[in-house]
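> 3D, please:
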Amino acid sequence: MNCTSTRLPYTDTGFFSTIITDYLQQKKDITPFYKHHVDMGGVKAAIEERKKTTSHRNTLVAELEKQYALLQTSELVKHNIRLLADDTTFTITTAHQPVIFTGTLYFIYKIVHVIKLAASFKEQLPQYNFVPVFYMGSEDADLDELGSIWLNNEKIVWDTQQTGAVGRMKTAGLEKIIARIEGELSVQPYGKELLQLLKDCYINSPDIQTATFKLIDALFARFGLVVLIPDNPGLKKLLLPVFEDDLFNQTAAGIAEKTIEALAAHYKVQANPRAINLFYLKGDIRERFEKEGDGWRVVNTDIRFTPETLLQEMNEHPERFSPNVILRGLFQETILPNILFVGGGGELAYWLELKNIFEHYKVPYPVLVLRNSFLIVEKKWQDKIKRLGFGVADFFKPEQQLLTALVTHNKTGALKLEDELEDVKKFYGQLKIKAGAIDTTLEQHIEALRAKATRPLYELEKKMLRAEKRKYKDQSGQIHAVKSALFPQHGLQERIENFMPYYAKWGSQFIDMLYAHSLTLEQEFFMLNEA
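Numbering: from 1, shown residues only. Got it, this is the predicted structure:
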């Protein structure tokens, strides 16, 4: 698959929040909320900080080797897991929930980004090793978000009544979705290959997190990507002191509230911490803890704990304690020798609230990098855009603005009353001088007459433009068709569309193309034009 590419600053897309665009530009209001700059200086500083921290490398390697006993992965993945035992190895991490069939395109983009970063850092800092890691948020219970995909502008929903952590849910019912999409994808050059992969991963797996693990490994093992499933008693045991502190003292909430208050003075905040930032995870239950008198209850259940029984439960079953967004990053950075985290705009906004929590628990805070974003423009849409006289970047603008630009360009200024308005301005200017010479109090009256005279001309100009637009029915329809294809549901393509149609068309070359065009630390939006 051959592509050409052009870049666009994130600020010019209109799709990213002020907090993120300010972060990318390192505005002064945002600097107190992160630790390292997004450059090689920041990367080196993160490495030095990580070197000073006690790691849990042996535990991490042991748990990963148990996890990978489930499948036959690449030798490069096995090699990277072994490298994690070495003090000169660091991870580059991204994270996501196990949304069915990877959900949206950016799931794939963020993985490719960490792979590209790890390779780039190895070239620049050969004395170290860098392992790309995908951290699976399999304990998320939001089935409405994780149990559906969009395909050809149709939302396809997994019909299941299961509750609790989505990662632990059985895959029953997903075979119906595979059957549903088979007709559309099997006719593509790599469609049958993709469908067989989906069947192998989802129909032959006991749960969603295993299916997602298999799928990610099948797509990215050749790059050495290590998938980490943290829903694991051996790993959660490492964070028990923090879990205990959260339950008994609510320390994290107090710290986060102060940071959020400071951040909210400039930006819209993403997360408000609860007093307790842990869920109880058992069977099909994932419900939050709440303090109740001298003990705790698990909301929406009859489960209660005293201080003694809670400590016993934590030590005997650490896997039953699940951190929410306030503690999830701390858990990730405790179990991994991580120096850099790649996330979307919403994720980074959360992380900007957490630096003081990391400092309190003496856990290194990583470099934060906004994941790469792409707009894939297939040949048929490029041709339409060219015939309309636009460039791809123009289509980030609203439809009506595009149509206005098209009409006014074709009319070469005939719809503008600039000369007439200038004549009116000159006329009343001269009148103002003449009247002012007689009585200066008349100048205000002349100004009011000028405004009254020009207002109808501005209205006439708008009516002329609207009338001319009605003559451009075909072009208006073409603009709408292109806009709807590139920005489905009025949003970014990567936040709606799934990778499957592209993989069915181009196979693994699709991922190779993304890798070839991925940036590392440059932080710009990419438009990929099919050659």
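
> drop to CA atoms for contacts and neighbour counts, all remaining ones
Will do.

> Can you tell me the closest non-neighbouring residue to G14?
Nearest residue to G14, sequence neighbours excluded (Cα to Cα, 6 or more residues apart in numbering): F396, at 7.4 Å.

> Closest to the centroid, which residue in this protein?
Central residue of the chain (Cα atoms, centre = their mean): G344, 2.7 Å from the mean position.

> Surely that residue touches L370?
Yes: when contacts are counted by Cα atoms under 8 Å, G344 is listed as touching L370 (5.6 Å).

> got any residues that touch both of those two?
Common neighbours of G344 and L370, using Cα atoms under 8 Å, 6 or more residues apart in numbering, do not exist here.

> Against the centre of this protein, work out the most remote residue.
Residue farthest from the centre of the chain, counting by Cα atoms, centre = their mean, is I438 at 67.2 Å.

> List phi and psi for that residue.
The phi and psi values for I438, taken as degrees, to the nearest 10, are phi -90, psi -50.

> next one: N232
Per degrees, to the nearest 10, the backbone of N232 is at phi -150, psi 120.

> Now it: closest residue in space that isn't a chain neighbour?
For N232, the closest residue by Cα to Cα, 6+ apart turns out to be E319, at 5.7 Å.

> contacting residues for the one you found?
Taking Cα under 8 Å, 6+ apart as the test, what E319 contacts is D231, N232, P233, K236, K237, L281.

> In helices only, show me these.
The members of those that map onto helices under DSSP state H are P233, K236.

> Out of the contacts of E319, the closest to M40 would be?
Of all those, M40 sits closest to K236, with 31.7 Å by Cα to Cα.

> burial count for that closest one?
Residues lying near K236 (other Cα atoms under 10 Å) number 23.

> what's the answer for F396, then?
Around F396 there are 17 residues (other Cα under 10 Å).

> How much space separates it from I149?
Going from F396 to I149 by Cα to Cα, to the nearest Å gives 24 Å.

> Ok, A504 next?
16 Å.

> what helix or strand is I47 on?
helix 40-51 (DSSP states H and E).

> returning to what we had before: now render the contacts of E319 as CSV, adding pLDDT and distance to E184.
Shown next, in CSV, are these (pLDDT from 0 to 100; distance: Cα to Cα, whole Å):
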residue, pLDDT, distance to E184
D231, 94, 35
N232, 94, 38
P233, 96, 42
K236, 97, 42
K237, 97, 46
L281, 96, 38
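
> what about the helices in the stretch 251-400 of the chain?
Counting by DSSP state H, counting those that start in this stretch, the stretch 251-400 of the chain has helices at residues 251-264, 307-316, 325-335, 345-351, 355-360, 379-388, 399-410.

> Using JSON lines, please lay out the ones you listed together with mean pLDDT and distance to S476.
Output for the helices of the stretch 251-400 of the chain, formatted as JSON lines (pLDDT from 0 to 100; distance: least, Cα to Cα, whole Å):
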{"stretch": "helix 251-264", "mean pLDDT": "94", "distance to S476": "41"}
{"stretch": "helix 307-316", "mean pLDDT": "97", "distance to S476": "62"}
{"stretch": "helix 325-335", "mean pLDDT": "96", "distance to S476": "44"}
{"stretch": "helix 345-351", "mean pLDDT": "95", "distance to S476": "32"}
{"stretch": "helix 355-360", "mean pLDDT": "97", "distance to S476": "48"}
{"stretch": "helix 379-388", "mean pLDDT": "92", "distance to S476": "10"}
{"stretch": "helix 399-410", "mean pLDDT": "78", "distance to S476": "6"}
